[in-house]
Every structure is written in structure tokens, then in C-alpha cells.
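Participant: Any chance you could fold what I've pasted below:
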Amino acid sequence: MRPLGAAIFGIYGDKFGRKKSMIITILGFSIATFVTGLLPTYAMVGGLAPILLILTRMIQGIFAGGEWGSGAVITMESVPKQKRGLLSGFLQSGFSFGFVLASIGFQIITVIFVGEAFMEWGWRVLFFTGIIPGFIALFIRFRMDESALWLEKQQTHKLEKTPLRKIVFGKQHRKAFFLCVFVMTGLVYMYHGSVGFLPTFLQQFGDIERTDLAPIMIFATLSSWLGMIFTGWLSQRVGRKKSMIFFAIASIILVIPIAYGILGEDISHMILFVAIYVFVVSTASGPIPAFFSERFPTEVRNSAAGFAYNGGLIVGSWSPLIALSLISLVQSEFIPLALGVNIIFGAVILLIGTLLNPETKDRDLS
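Facilitator: Numbering: from 1, shown residues only. You can find the predicted model right below:
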């Protein structure tokens, strides 16, 4: 549902303003998260329970898909060119920082709600607390000014009436749009195959208990968070392309040896290799908010950047399922190899897509 949300709110952001789009999407996402904690279980309502869960997740996905595009472009349109890379890394790293908060929250809740108590109420409390950062973000967004570049287009009557049609079917931006989707497919594939797949991988193949999982994931997501800030900064120094190419090649070369180190004998060993693994594999997306914003003009930027970003989920989000399929085909000693091969597939997609795109670091937004 996220590509659909990106299309809906991307159009809205291009036609009616980035700030309005952000406020609607953050509010909608926060409410949908809170409502998930109120859902009845199968024991209460039978088959209606999974239907309600799926519907809630679909609504949540629409708002989640719409938020990134508006947030990314209003930030990039509001900062000086020489600071775009670093701010891009900070912006993109917010996703991993959210995982850090979620991991800490999970750790606290598993201590408070032990065993059956977690199954009864603990999981609900996690969704209830999810509304807090949503409202903090909403407060911050309310205090932000609308993009000056968008206001200029509005005042001069240069807003695009059909931005999504222009980027998908028009000759001027179509190539850039699909190349950005290609890049994002590789990035999403790598992220979901590393950070997104780690909890399942560690519990099923690393013999990790639930109480040990949260500390490992806290270190993993901290590594991803700092790594995205670093790649954003690096992209301002050497260029968006070179920074993403560097991490794509590093993933291809290093991921299999690192994967063999993850399944260690003790938690400290595992944390070290997980942190290295995540830093190498999951952080190449730091320059993406800047890179995508620099690829498109103001009148279609919200639609193009948001839809391209979330369009990468259409194929990229299958990475964990493909990883499980690959792992199920091999003997236990080759499980890290299968995990690494899956990541290499995403890294090759990222590498090809990045090489086909131009460098954008020195472009002025217009």
C-alpha cells in the first residue's frame, strides 16, 4: 500500500503543499498505529481478527508511503546546497532511529510483561506507545515553514496539474523516475534482507531467546542509524553516486565473510558482527533524500521522489521471503552463504542502478 500512498499524497503535496501533506500523513499513521493495539484477537472474534489487522495495516501503509516524500522534499528544499548531504543522512537515518526506539521499547515491555502477559497485553502497549513519537513529529512539522520553492511555483501559477502522469508517462522525467525506482529496489532489498530479516534469522538460526534479541537489535539499528548519517555526509564530500557505489561494492565483497561471523558462540561476538554487517549492508541509502530531490523539479518533486522511493518496495520488500527460501534449500553450514548471496543480489541491483544515474551533488533545486 505504500506506493499507493506515495502516489496519493505525492500528488497532494505537489498541488497543495508539502507541509499539509506531512501533517495529514503523520496524523493518519499515528492513529493507525494506536488502533492496532485495540484490535480484537482471534479468540474474541474469530476470522474477523486477521481481516481487521490487514485493513489497519493497509491504511497505515498508505499514510506511511505518503509521509516520506513530503518530509524529504520539504527538508531538501529548505536547506543550503552544501548541507543537503549531511541533512539527507540525518533524515534517512530517522527510520533506523525509530527501530532503535522500538527495540528499546520492546526490551522494556518484555521485562514488564513476562510470558503470557506479553501475549495478553504487552504487544498492545507497544502499539499504544507508538503514537508518542508520531505526535512529537507532528508538533515539529507544525512549526516548520512551507517550502519556499513550492510557494514560488504556487505564486507564479507554475504548479503541475497532473504530476504523477507527467513523471510516469511523460518523456521528460520518465527515465529518471524509473532509474530511481531501480536504485531504491536494490536499497530496499538490502535493508529488508539485513535489518528487517535479522530478528527472524537470529531466532530461527542463531538460537537466540526473545530476551537476548532486543539488545542485539538495539546495537544493529544504532549501527544502521550512524551509518546512514555517515553516508549522507560522505555523499556531500565525494558525490551521491560514489558513496552508494562504495557501499554496494563493499557489500558484495564483505557480506558473506561477515555473515559467517554473525552466528557466533556468545552474545558479544554476535553483536559485533551484526553491527558490522548492518553498517556495511544497510546504510547506502543515506544520500537518497538529497539524490531523489535533485533529480526532479519542484512541480513534480513530491510525487516523483515519494513514488520512486516507495516503488522500490514492490520488489525489494520480498527480500526476507527470498532469503528464507534460499536458506531452506541449503545445509546448516551454508546458511550464512545463502544469507550473503541474497544481499549480493540486492547490491548488484543498487550498483547497476546507481551507475546508470548521473551525479547530482552540485545541482541547484529549481
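
Participant: What's the separation between the nearest residue in space to Asn302 that is not next to it in sequence and Trp68?
Facilitator: Once flanking residues are discounted, Asn302 sits nearest to Gly13: 3.5 Å by CB to CB, 6 or more residues apart in numbering. Glycine gets a C-beta too; all of them are placed from N, C-alpha and C. Look at Gly13 and Trp68: by CB to CB, to the nearest Å, they are 11 Å apart.

Participant: When the two are compared, which one has more neighbours?
Facilitator: Comparing Gly13 with Trp68 by other CB atoms under 10 Å, the one with more neighbours is Gly13, at 31 against 27.

Participant: what's the helix or strand harbouring that one in contact with?
Facilitator: Gly13 belongs to helix 2-16 when elements are defined using DSSP states H and E. Contact with helix 2-16 is made by 20-22, 24-25, 61-70, 73, 150, 159-161, 163-164, 299-307, 309-311, 313-314, as judged by CB atoms under 8 Å, 6 or more residues apart in numbering.

Participant: swap in stretch 38-58?
Facilitator: Taking CB under 8 Å, 6+ apart as the rule, stretch 38-58 contacts 1, 32, 35-36, 124.

Participant: which parts of the helix or strand where Met190 lies are buried?
Facilitator: Assigned by DSSP H and E, Met190 falls within helix 171-194. Applying a neighbour-count criterion of 16 or more other CB atoms under 10 Å, one finds 173, 176-194 buried in helix 171-194.

Participant: Could you give the average pLDDT over that helix?
Facilitator: Mean pLDDT, helix 171-194: 95.

Participant: Please report how far the nearest residue to Thr221 once chain neighbours are set aside lies from Arg165.
Facilitator: Closest residue in space to Thr221, ignoring its immediate chain neighbours: Phe99 at 3.9 Å, by CB to CB, 6+ apart. To Arg165, Phe99 is 35 Å away according to CB to CB.

Participant: Specify which residue of the two has the higher count of neighbours.
Facilitator: Just comparing Phe99 and Arg165: by other CB under 10 Å the higher neighbour count belongs to Phe99, 19 against 13.

Participant: check contacts around that one.
Facilitator: With CB under 8 Å, 6+ apart, Phe99 has these contacts: 195, 217, 221, 224-225.

Participant: want to throw those residues into a markdown table with secondary structure?
Facilitator: Below are the contacts of Phe99 laid out as a markdown table (DSSP: H, G, I helix; E, B strand; the rest coil):
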| residue | secondary structure |
| --- | --- |
| Val195 | coil |
| Met217 | helix |
| Thr221 | helix |
| Ser224 | helix |
| Trp225 | helix |
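
Participant: Need the max-distance pair from the residues you listed.
Facilitator: Met217 and Trp225 (12.0 Å; CB to CB).

Participant: tell me how far the host helix or strand of Lys20 is from the chain's mean position?
Facilitator: Assigned by DSSP H and E, Lys20 falls within helix 18-36. Between the centre of helix 18-36 and the centre of its host chain there is 17 Å, according to CA atoms, centre = their mean, to the nearest Å.

Participant: Need the mean per-residue confidence for the helix or strand just after that helix.
Facilitator: Toward the C-terminus, helix 18-36 is succeeded by helix 42-45 as the next helix or strand (DSSP H and E). Averaged across helix 42-45, the pLDDT comes to 91.

Participant: Just the angle for the helix holding Lys20 relative to helix 2-16, thanks.
Facilitator: 150 degrees (axes from the mean of the first three to the mean of the last three CA atoms, to 10 degrees).

Participant: list the helices and strands helix 18-36 packs on?
Facilitator: helix 2-16, helix 48-76, helix 123-129, helix 131-143 (3 or more CB pairs under 8 Å, 6 or more residues apart in numbering; DSSP states H and E).

Participant: Phe106 versus Thr129, what's the distance?
Facilitator: Distance of Thr129 to Phe106, given as CB to CB: 10 Å.

Participant: so what's Phe95 scoring on pLDDT?
Facilitator: Confidence score, pLDDT, at Phe95: 82.

Participant: Skip the chain neighbours and tell me the closest residue to it.
Facilitator: Nearest to Phe95 is Met228, by CB to CB, 6+ apart, at 8.0 Å.

Participant: remind me which residues of this structure are low pLDDT?
Facilitator: For the chain, residues meeting the criterion pLDDT under 70 lie at 210, 264.

Participant: Nearest the geometric middle of it, what residue?
Facilitator: Geometric centre of the chain, nearest residue: Phe95, 5.7 Å, by CA atoms, centre = their mean.

Participant: Look up which helix or strand that one falls in, please.
Facilitator: Secondary structure (DSSP H and E) places Phe95 in helix 84-112.
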